[in-house]
Structures are given as structure tokens and as C-alpha cells.
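Asker: Could you work out the structure for the sequence below:
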Amino acid sequence: MQPHRNRYWCIPKKEDPEFIACMEDVLDVYERPYNPKEPVVCMDEKPLQLLGEVREPLPMKPGKTAIIDSEYIRNGTCSIFAFIEPLAGKHHVSVREHRTATDWAEEIKYLCDVMYPDADKIILVMDNLNTHKVASLYKKYRPEEAFRLKKRLEIHYTPKHGSWLDIAEIELNVMTKQCLSRRIESIDKLKSELSAWESERNAKQAKVKWQFTNDKARIKLLSLYPKLE
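Answerer: Just a heads-up that it's a prediction; the model follows:
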């Protein structure tokens, strides 16, 4: 008999107005027309364990796949930050040793001053992680600088148990399948691999055509909406 396999998913509770409010806010942002002066950018991050080989893998041969030993070396962990502008097909990924408030603040400064220095405002969509707060800017920078960066942003949070609403999470899943399906032993190696992947995605201007709207949500996710008299 085959063992039963569970499907794991983020399940919001029924009749959840807080979830609905955040979801509809994000979906409304995704319906905005493309505006290079006010780009909609999605941000997400994921941890990654760095793994090295104990024994050198045997390379592929005609008719045979590569052979990799089941034993590996743990080389610690790191965090991957991803930014994507879905309507423009613009991507950026970076690797950090940690995922602290100051790490996030430095990534936001890069977003504002390097990726979009000429934008009037950056519409930023991300999850509500405790480090993803304006307060993190003040932990890293002087008040004047933190306030300057804050004014560049219009922040919209995905709801709790609603990370699937963050388009950057989709991009991280693509990246994982295309670039992280093997062992990577060091941060330097990871940075090199992701830099090449980022360049290819940007050259293709790989865009995301988001089709889930508030009108569709009010039908498909009806159980999440409060039942009013």
C-alpha cells in the first residue's frame, strides 16, 4: 500500500476580514498599469543550507546520469533576498550571511538608490516578517537617511498565511528549480551561480502575468469573506 501523502498549504481561517483586507489591497496594487516612475516591486527572502561534497561526484556518461554520494558536509546557512518588478521583467537577487533587520535595511537602500534611483516612488509588496518594517531602517541608518528611504516607499503587506500573494515568492520557486537543485558549498559559489541566473532572467525580461483579481477572489475565496446580513 502506498503511504498517504499530505499536501501542505497556508490555510487562512474562515471569515477572516484581516486576511481579506490585506489580500484585496495587494490585488488592487497588481492591477495598476505599468508606470516606470512608480514601479511595483515584490520582495521575498529564503534561507538556504550550504552543502559540500564528501566525495567527488562521478560525472555523467552516455546513457548514465551523474552519481552523487548521499553523504554531504554542512557548511552553514545563508539567506537569499529577491526583488522582482513583474511588469518590467526586472530581477535582482543577493546573498547574505544573515536575515536581520539591518540586512533588510541595506537591501532596501540598494533597491532605492541603485535599482530605482530615478523613481518618484517604489510600490513595495512583501510579507509581514518582523524585520520587514520601517523601524529596521532606523536600526541601520541615521534618522535623516532612514526617513529619506522611507519616503521613497509605498509599502503593501501580504496577509498572514498569504505568502502566495507575493510574486517574489513565485520567482524564488523558479530560481530554486533552475539554479538550486544541486548542492552548493559556499556563499561565493552561490553568489556566482545566482549572478549568472539573474543576468539571464533580466536578458529575457522574464515577466509575470498575474491574473488573480479581487473580482475572482470574491468568488473563489467566498468562505473567507464575513457573511453579512
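
Asker: Over to residue 154. Which of the three states is it?
Answerer: Look at residue 154: counting by DSSP: H, G, I helix; E, B strand; the rest coil, its state is strand.

Asker: tally of neighbours for it?
Answerer: Number of residues near residue 154 (other C-beta atoms under 10 Å) recorded here: 13. From N, CA and C alone the C-beta is placed, and that goes for glycine too.

Asker: from what I can see it touches residue 124, true?
Answerer: Yes - Residue 154 lies in contact with residue 124 (C-beta atoms under 8 Å); the separation is 6.8 Å.

Asker: what are the ranges of the helices in this structure?
Answerer: 17-30, 101-110, 134-140, 143-151, 167-179, 187-204, 214-220 (DSSP state H).

Asker: Which residue lies nearest the spatial centre of the chain?
Answerer: The residue lying closest to the centre of the chain (C-alpha atoms, centre = their mean) is residue 44, at 2.5 Å.

Asker: Look up the closest residue to it, ignoring the ones flanking it.
Answerer: Nearest residue to residue 44 in three dimensions, chain neighbours excluded: residue 168, at 3.7 Å (C-beta to C-beta, 6 or more residues apart in numbering).

Asker: so what's that neighbour up against?
Answerer: When contacts are counted by C-beta atoms under 8 Å, 6 or more residues apart in numbering, residue 168 touches 42, 43, 44, 82, 83, 84, 125, 126.

Asker: Pull the most distant pair out of those.
Answerer: 82 and 125 (12.2 Å; C-beta to C-beta).

Asker: what are the bridge partners for residue 74, then?
Answerer: Per DSSP bridges, the residues bridged to residue 74 are residue 51.

Asker: So it sits against residue 48, correct?
Answerer: No - with contact defined as C-beta under 8 Å, residue 74 does not reach residue 48; the gap is 12.0 Å.

Asker: quick one: which of these two has more around it?
Answerer: Neighbour count, other C-beta under 10 Å: between residue 74 and residue 48, residue 48 has more, with 16 against 10.
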